[in-house]
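S.K.: Let me see the structure of the following:
(chains A and B)
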Amino acid sequence: MTLFIEQCLNGLQFGLLLFLLAAGLTLVFGIMDLVNLAHGSLYMLGAYFAATFAAWTGSFVFGAVLAIVATLLVGMALEVIAMRRLYGRDHLDHVLGTFGLILFFDEAVRLIWGAGGLSLPVPAWLNRSIEILPGVQYSAYRFAIIIVTLAVAAFLYILVMRTRVGMLIRAGASNREMVGALGVNIKLLYTLVFGLGAALAGLAGMIQAPILTVQIGMGENILILAFVITVIGGIGSIRGAFVAALLVGFIDTLGRAFFPQILVELLGRQAGSTAAPALSSMMIYILMAVILIVKPQGLFSANSR
Amino acid sequence: MTRALTPRNLVTAALLIGLALLPLYVALTGDRFMLTLFTRIVILAMAAVSLNLILGYGGMMSFGHAAYLGLGGYTVAILSFEGVHSGFIQWPAAIAVSALFALAVGALSLRTRGVYFIMITLAFAQMAYYLASGMARYGGDDGLSLEARSTFAGLVNLSNKTTFYYVCLILLFASIVLVWRLTNSRFGMVLQGVRSNETRMGAIGYPTFRYKLTGFVIAGTLCGLSGALIANHTDFVSPSMMFWTRSGDLIVMVVLGGMGTLFGPVFGALALLFLEQFLPALISAAVRPINPAGAAKAGEYWQLVLGPLLLFVVLFARGGIDGMLRSLSRRGADAEKARHD
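M.R.: The predicted structure follows:
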């Protein structure tokens, strides 16, 4: 039972983390209609920045804040230099152009930081376990992730639903031309939205840095998961991204933890333990295929409302 | 009036003759490496030709095409591992497996459009990737080595590198001819009509879904065959053949060469693999006058140049290599016309 609660919390934590990535992706998708494969590179940059700045300043929190600001700036520069030219083009152009950017960022990181990975140690005040429920110990760092990401999600909700900028963002997602026609500075709005997405990706990378090794290509696997989430949730919908991220986080984590046992029970030891690793990695993609077959526009499509 | 000797036709003819005569060059110079490189180029060109059928002519943006390379390769490797070495069984099996996979993926994913289609084809390719990683009996993540290349009852010996190169080249030419025949047939016309305006084609009365699915399956099947070739070429298969960045490479080849053109994918495969191979040396040479000490090291970072180059192609040279050749040809034709006037 303790294990189950712990795995549920891990699922929640992973889902919330994925939400950070997916939220930026879905905003850029929904508003600029841009498929940005380089989103994973921004995640990677966030992790590298965090590890570097934390080592420079000697403080985890300073490092984290600087990393987010740095990724925000890189994102905005990227939008002005490259992404802006891709708006209004074919999705194929987006895929190809941003695929080129992945190569560029991977190589740039190798040039600056070298091919070996970095590591960012968990700060001492978070490197312990706390008793969250009577008898249930949980890593303080992971618990802090849950708190921070929930706060960011709430901030995003307020930003998008309750502020003027958010109103423009939502308007942009449902009808871009009209927002421009009404005299909104679309260029600036796009740069801001892209920067916001980049900062969220950077935050996600920074959060993951102490858990995983910071290495080149770390964004490539998780990028696909983030895409799966945006597609399941419905492109352009933050709410959809939130629901889908939690769904994917839980299914992936719990699936990896418990699915092998279930399979062994069902199919017997031999067949079960052979099929389990492949099936538990595939579950997310099966989920996505099923959802798209039933609802080809995702769960909460921004445009269909 | 169409002129036969346009730059575009000349370059294409030179490419085909060059490919056919390459073993002669290798025999004269003893440069075995070129033969290996070109075998790879020819095989991947065939995969790109197959992708071009659906991407260029059909407008279906599949982001999971590398899955068929992997499926074809794994079918050959697994059969070889289980003791079946005959290519007469391995290759048809590779074709059948990829055709079935394409049928299933196509039937499900062609119900969606746009980005959703891109992502669902990607998802299916990832499933194939994880399936291969999970097969502990067949090497899992580490991949599987082929004990021997496919045998053809003593008719062709694939272990001979020159013979193998020609087998690949003949299959590449055959697939180009197939795509040429297909795109000029009624079927191909419908497929291209669907690319331009699916609703209208539907309104005229064509069952567009069936046409798209047929195209999708043909492309997957053809790519499965090139997968069987690549397994024989490298004597090794691994899940990384199916990773999504591999599918990205195939798309790059098609677009770099020129989408929806007959020979574009061949140019694209040639260009991408040449860049991969020779860009490092080129960068080193360019850096040497400025900084002799760092020249060798600078070559290692060739992707720093390749990435923006791709972006540049997307932004400014949409027609790819074939498009450039075509505009050269057109300029030549205009000049000639001006002379006559």
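
S.K.: helices or strands next to the host helix or strand of B:Q90 in the packing?
M.R.: Using DSSP states H and E, B:Q90 sits within helix B:87-109. Secondary-structure packing of helix B:87-109 (3 or more C-beta pairs under 8 Å, 6 or more residues apart in numbering or on different chains; DSSP states H and E): helix A:269-294, helix B:66-81, helix B:114-134, helix B:208-234. All C-beta atoms are positioned from the backbone trio N, CA, C, and that covers glycine.

S.K.: What residues of that helix count as buried?
M.R.: Across helix B:87-109, burial judged by 16 or more other C-beta atoms under 10 Å in any protein chain shown covers B:87, B:90-91, B:93-95, B:97-99, B:101-103, B:105-106, B:108-109.

S.K.: So what touches that helix?
M.R.: By C-beta atoms under 8 Å, 6 or more residues apart in numbering or on different chains, the surrounding residues in contact with helix B:87-109 are A:289, A:292-293, B:64, B:67-68, B:71-73, B:75-76, B:79-80, B:84, B:117, B:120-121, B:124, B:128, B:150-153, B:158, B:212-213, B:216-217, B:219-221, B:223-225, B:227-228.

S.K.: Now list the buried members of the residues you listed.
M.R.: Among the contacts of helix B:87-109, those buried by neighbour count (16+ other C-beta under 10 Å) are A:289, A:292, B:64, B:67-68, B:71-73, B:75-76, B:79-80, B:117, B:120-121, B:124, B:128, B:150-152, B:158, B:212-213, B:216-217, B:219-221, B:223-225, B:227-228.

S.K.: Need the nearest residue in space to whichever residue of chain A sits closest to chain B, chain neighbours excluded.
M.R.: As assessed by C-beta to the nearest C-beta, chain B sits closest to A:A278 within chain A, at 2.4 Å. Among residues not flanking A:A278 along the chain, B:G134 sits closest, at 2.4 Å (C-beta to C-beta, 6 or more residues apart in numbering or on different chains).

S.K.: okay, now the one you found: neighbour count?
M.R.: 20 (other C-beta atoms under 10 Å in any protein chain shown).

S.K.: Quickly note the distance from it to B:G73.
M.R.: Distance, B:G134 to B:G73, by C-beta to C-beta, to the nearest Å: 17 Å.

S.K.: and the strand or helix carrying B:R330, which residues are buried?
M.R.: If you go by DSSP H and E, B:R330 is part of helix B:320-340. Neighbour counts over helix B:320-340 (16+ other C-beta under 10 Å) mark B:G320, B:I321, B:D322, B:G323, B:M324, B:L325, B:R326, B:S329 as buried.

S.K.: give me the number of residues near residue 136?
M.R.: Reading this off chain A. Neighbour count for A:V136, taken as other C-beta under 10 Å: 15.

S.K.: Correction: the question concerned chain B.
M.R.: Applying other C-beta under 10 Å, we find 13 residues neighbouring B:A136.

S.K.: Likewise for the one 5 residues further on?
M.R.: Under the neighbour criterion other C-beta under 10 Å, B:D141 is assigned a count of 13.

S.K.: Show the model's pLDDT score for the nearest residue to it once chain neighbours are set aside.
M.R.: Of all residues not flanking B:D141 in the chain, B:S133 sits nearest, at 5.0 Å (C-beta to C-beta, 6+ apart). In this model, B:S133 is scored at 88, pLDDT.

S.K.: do the same with the one 10 residues further on
M.R.: Each residue has a pLDDT score; the one for B:G143 is 90.

S.K.: That one touches B:D235, doesn't it?
M.R.: No. Taking contacts as C-beta atoms under 8 Å, B:G143 lies outside contact range of B:D235: 10.8 Å.

S.K.: ok, these two, which is more surrounded?
M.R.: Shown here are B:G143 and B:D235; by other C-beta under 10 Å, B:G143 has more neighbours (19 against 14).

S.K.: For the helix holding B:R330, the averaged confidence score.
M.R.: Computed over helix B:320-340, the average pLDDT equals 80.

S.K.: cool, stretch A:219-231 as well?
M.R.: pLDDT averaged over stretch A:219-231 gives 88.

S.K.: and that stretch, does that touch chain B?
M.R.: Yes. Using C-beta under 8 Å from any C-beta of the partner chain, stretch A:219-231 reaches chain B at A:E220, A:I224, A:F227, A:V228, A:V231.

S.K.: Show only the entries of these found in helices.
M.R.: In this view, the residues of stretch A:219-231 next to chain B that belong to helices under DSSP state H are A:E220, A:I224, A:F227, A:V228, A:V231.

S.K.: Start and end of stretch A:124-133, how far apart?
M.R.: In stretch A:124-133, first residue to last residue: 22 Å (C-alpha to C-alpha, to the nearest Å).

S.K.: Tell me the backbone dihedrals of A:K187, please.
M.R.: Phi and psi for A:K187, reported as degrees, to the nearest 10, are phi -60, psi -50.

S.K.: Now it. Nearest residue, chain neighbours left out?
M.R.: With sequence-adjacent residues excluded and distances taken as C-beta to C-beta, 6+ apart, A:K187 is closest to A:R84, at 7.6 Å.

S.K.: got a list of what that neighbour touches?
M.R.: If you count contacts by C-beta under 8 Å, 6+ apart, A:R84 has them with A:K187, A:Y190, A:T191.

S.K.: Might you report the residue contacts of the residue nearest to B:Y166 when sequence neighbours are not counted?
M.R.: The shortest distance from B:Y166 to any non-neighbouring residue, by C-beta to C-beta, 6+ apart, is to B:P23 (7.3 Å). B:P23 is in contact with B:L35, B:T162, B:Y165, B:Y166, counting by C-beta under 8 Å, 6+ apart.

S.K.: Quick one, which of these are buried?
M.R.: Buried residues within those, counting neighbours by 16+ other C-beta under 10 Å: B:L35, B:Y165, B:Y166.
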